Every structure is written in structure tokens, then in C-alpha cells.
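1. Predicted model and sequence below, questions to follow.
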Amino acid sequence: MTESPLHRTRIKICGLTREADVDAAVEAGADAIGFVLYDKSPRHVTAARAGELARRLPAFVTPVVLLVNASADLRAAALDHVPNALLQFHGDETPADCAAAGRPYLRAARMGPGFDLLDFARAHASAQAVLADALVEGYGGGGHVFDWDLIPADLPGRLILSGGLHAGNVGEGVVRLRPWAVDVSSGVEVAKGVKDADKMRAFCQAVRQADRECADAVVRQPDAGAH
């Protein structure tokens, strides 16, 4: 679903592992901070570590726990250590698997050739949003941009745009697709799991600038009823 041009695009910065990066992401203007609880990821943190980092977040900045085909025990540990977390399912979970947690969740879609995002979104209608990411080895964070033409204009629900975003291209994505939110990881890093404060700030500024451009375009439109 395309958002209104007057919509404020939410910003999620994912894959944080250090206190300083959490603080810098919040200062830059992130609305949500993602912690990766997938042990094969270079950005992996334990549930306990995610809890430590999440406790630094101020009110109205949402912690997001990313899970990949996680066991019930890991899901429980994540919610025990980060009780206010929004879950993000990024593996091969079925709609029933996602719903079984009994918590609000995001569902990641891996946008490979022939993938039907419309059917996927309908199957996961209970998700808070569908996160469209590039199909890469290792379930995300690969810094690759997928073909945005794969996103249907009539996508139901909320769209989170991800996959290879950085300060140089996120504005185009916001203006072109008007997603509910954008998600960045490698595009604001100096090394895997190590964020750069300047890059995070530039990314957030680029999103806000794109929002302003969309709003200005609406203001400049002539009144269709004027003569």
C-alpha cells in the first residue's frame, strides 16, 4: 500500500551490537533499532545482550528482535530479555509460526526472481508490516538492492523497504515507493556490526528530505477544481 505523500517515513536501523551505536542511532533520529538473534550473522547478539542494549532506548524508540527459523526457546528468551520487542521473522517461518509467538511482528520477504510479494503479504495479513529485502545468502544485511519494480502498487498493508539502502539511494526509494518505513544495516556501517554515526545521521536526513519533497510536491499541485 502506497503511503500518502504527507506521511512521515519511519526509520529502522538494524544489526546494532554496541552501546555507542545505539546512542548514535537514536540521536540521528531512528524510530526503531534492530538486534539480530541469528547466530550465523556477523551482527549476532545474544538475547541477554539485546536486552542490555535495548534498555538504552528512550520511550517511543522501538526495539526489534530479528529471528531466523528460531526455536521456541530462543523466541521466549528474546521476549524475556526484551519484553517490549517487536519481532521480525526473517527466515522460512510460516504464517502459523509467526502467529504462534502471540506478539506483534514484521515479516521479511526475500525478493528473488519470480517471488510473488502480493501473495506473500496476503498470507501474512496479521503482520504489522512486510519488509521487502534482497535475496542474499545469510538472510539479509548483504548490501544488495533488489528490483523495486517487483513491489506491486496494490500491496496490502504496510511496506518496509530494505536491501542495500544508504544515504545516496534511500531518498529515491522513499519518493518512488512511499513505504511506511525504511530499514538499513550495512549502508551505515564501517564494518559488519559496527555502525558509523555520520552515516546514520546522513541516512536519516536523506529520509526526512525525501519526505519534505513529497509534501512539497503535493502543495505545488494545482487545485483540480480551479478555473
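-> Received the coordinates, thanks. Not measured: the values here are computed from a predicted model.

2. Just name whatever secondary elements the longest helix that the chain contains is in contact with.
-> Longest helix of the chain, by residue count under DSSP state H: helix 197-220. Contacts defined by 3 or more CB pairs under 8 Å, 6 or more residues apart in numbering; DSSP states H and E place helix 197-220 against strand 10-14, helix 19-28, helix 170-177. C-beta: built from backbone N, CA, C; applies to glycine.

3. In contact with Leu131: list those residues for me.
-> Applying CB atoms under 8 Å, 6 or more residues apart in numbering to Leu131 gives the contacts 88, 90, 106-109, 160, 162, 183.

4. ChimeraX command for the buried members of these?
-> Here is the ChimeraX command that selects only those of those that count as buried (16 or more other CB atoms under 10 Å):
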select :88,90,106,107,108,109,160,162,183
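
5. where exactly do the strands run in this protein?
-> Taking DSSP state E as the criterion, the chain contains strands spanning 10-14, 32-36, 62-67, 86-89, 105-111, 129-134, 159-161, 181-184, 189-191, 194-195.

6. out of the ones you listed, deepest packed?
-> Stretch with highest mean neighbour count among these: strand 181-184 (a mean of 28; mean count of other CB atoms under 10 Å).

7. Can you dump the C-alpha atoms of that strand in PDB for me?
-> Below are the C-alpha coordinates for strand 181-184, written out as PDB (Å, rounded to 0.1, in the frame of the first residue of the first chain):
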ATOM      1  CA  ALA A 181       9.300   2.600   6.800                       C
ATOM      2  CA  VAL A 182      12.800   2.000   5.600                       C
ATOM      3  CA  ASP A 183      15.400  -0.400   7.100                       C
ATOM      4  CA  VAL A 184      19.200  -0.100   6.900                       C
END
